[in-house]
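Participant: sequence and predicted model, in that order:
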Amino acid sequence: NSRLCMSSAVAGYTRSLGSDGPPCCYEDLDHCSVAFLIGTNTAECHPVLFQRLLKRKKRDPKGLTIVVVDPRTTDTAKVADHHLAIAPGTDLALLHGLARLVIQDNGFDSDFIDAATEGFASYTQTINAWTAGKTAKFCGITEQDLRAVGRLWSRKEGVLSLWSMGVNQRREGTAVVSGLINLHLLTGEIGKPGAGPSSLTGQPNAMGGREAGGLAHLL
């Protein structure tokens with residue numbers, strides 16, 4: 001599990017944050033205002049966590065917005081406020097396009113960027129090419145839907161992203177994980193209740209296996 005299922009999350013966390021330690025916990029589900037699910041059919045693969053999310057939505061329907069990024073219309077996507085049915089393999093482009101919209105909307109946290117990050121200038125150069133029109137066309141979604149989700153990243157406090165095998169077991173999985181973490185660093189949505197990038201493990205105690213050295217480069 002640690003080698004196949006989680007290696008992209010491990011590499012992405014380590015590259016972006018310097019440590020393979022998710023900066024989130026399950027209690028963040030009770031405090032987030034946006035749940036951004038990408039590459040995960042949580043309803044079927046993590047049913048206990050999904051039920052917790054549904055209970056929160058039922059208890060506070062206006063206080064929680066659920067976004068699901070998945071080419072398929074899964075049971076998870078059916079409960080989403082925004083379902084971005086992107087073309088397979090275009091998730092990294094989507095994240096770049098969302099980041100560009102955040103910057104255009106002045107939704108980034110400049111104080112946090114200055115105090116806690118590096119490489120912002122080169123990052124903006126990378127995402128600059130991904131205009132809303134280009135991103136929407138490349139991903140196979142409408143520009144209106146893209147902008148609606150971009151506004152959530154710009155204007156909401158408490159954005160929690162969750163991903164699983166749809167991101168981790170993909171050829172550019174590490175890049176997608178870093179792209180997602182970059183969105184959190186860009187908006188300062190990390191290190192506070194209800195916010196941050198949270199990988200959903202493929203098997204029980206995957207994190208424990210990683211901490212015990214169960215990775216190919218640590219054995």
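Facilitator: Alright, I've got the coordinates.
Participant: how about the contacts made by the spatially most central residue of the chain?
Facilitator: Geometric centre of the chain, nearest residue: Ser161, 3.7 Å, by C-alpha atoms, centre = their mean. The contact partners of Ser161, taken as C-beta atoms under 8 Å, 6 or more residues apart in numbering, are 36-38, 180, 183-184, 196-198. Quick note: C-beta positions are derived from backbone N, CA and C, even for glycine.
Participant: between those, which is nearest Ala121?
Facilitator: Leu183 (17.0 Å; C-beta to C-beta).
Participant: now Thr174: closest residue in space that isn't a chain neighbour?
Facilitator: Leaving aside its chain neighbours, Thr174 sits nearest to Ala11 (4.3 Å; criterion: C-beta to C-beta, 6 or more residues apart in numbering).
Participant: same question, Ile38
Facilitator: With C-beta to C-beta, 6+ apart as the criterion, Ile38 has its nearest non-adjacent residue at 4.0 Å, and that residue is Val69.
Participant: wait, isn't that neighbour in contact with Gly39?
Facilitator: Yes - using C-beta atoms under 8 Å, Val69 makes contact with Gly39 at a distance of 7.1 Å.
Participant: would you map the helices across the chain?
Facilitator: Applying DSSP state H to the chain gives helices spanning 7-17, 42-45, 47-59, 91-104, 110-116, 120-127, 132-139, 143-155, 165-168, 173-187, 206-211.
Participant: I'd like those laid out as TSV, including mean pLDDT, mean neighbour count and distance to Ala85.
Facilitator: Output for the helices of the chain, formatted as TSV (pLDDT from 0 to 100; neighbours: other C-beta atoms under 10 Å; distance: least, C-beta to C-beta, whole Å):
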stretch	mean pLDDT	mean neighbour count	distance to Ala85
helix 7-17	91	21	22
helix 42-45	93	18	16
helix 47-59	95	15	19
helix 91-104	97	23	11
helix 110-116	97	12	32
helix 120-127	95	14	22
helix 132-139	98	18	9
helix 143-155	97	18	9
helix 165-168	91	24	13
helix 173-187	96	23	17
helix 206-211	76	16	28
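Participant: and these: which comes nearest Asp75?
Facilitator: When the helices of the chain are compared by C-beta to C-beta, helix 42-45 sits nearest Asp75, at 3.8 Å.
Participant: distance between the closest one and the chain's centre?
Facilitator: Relative to its chain's centre, helix 42-45 lies at 16 Å (C-alpha atoms, centre = their mean, to the nearest Å).
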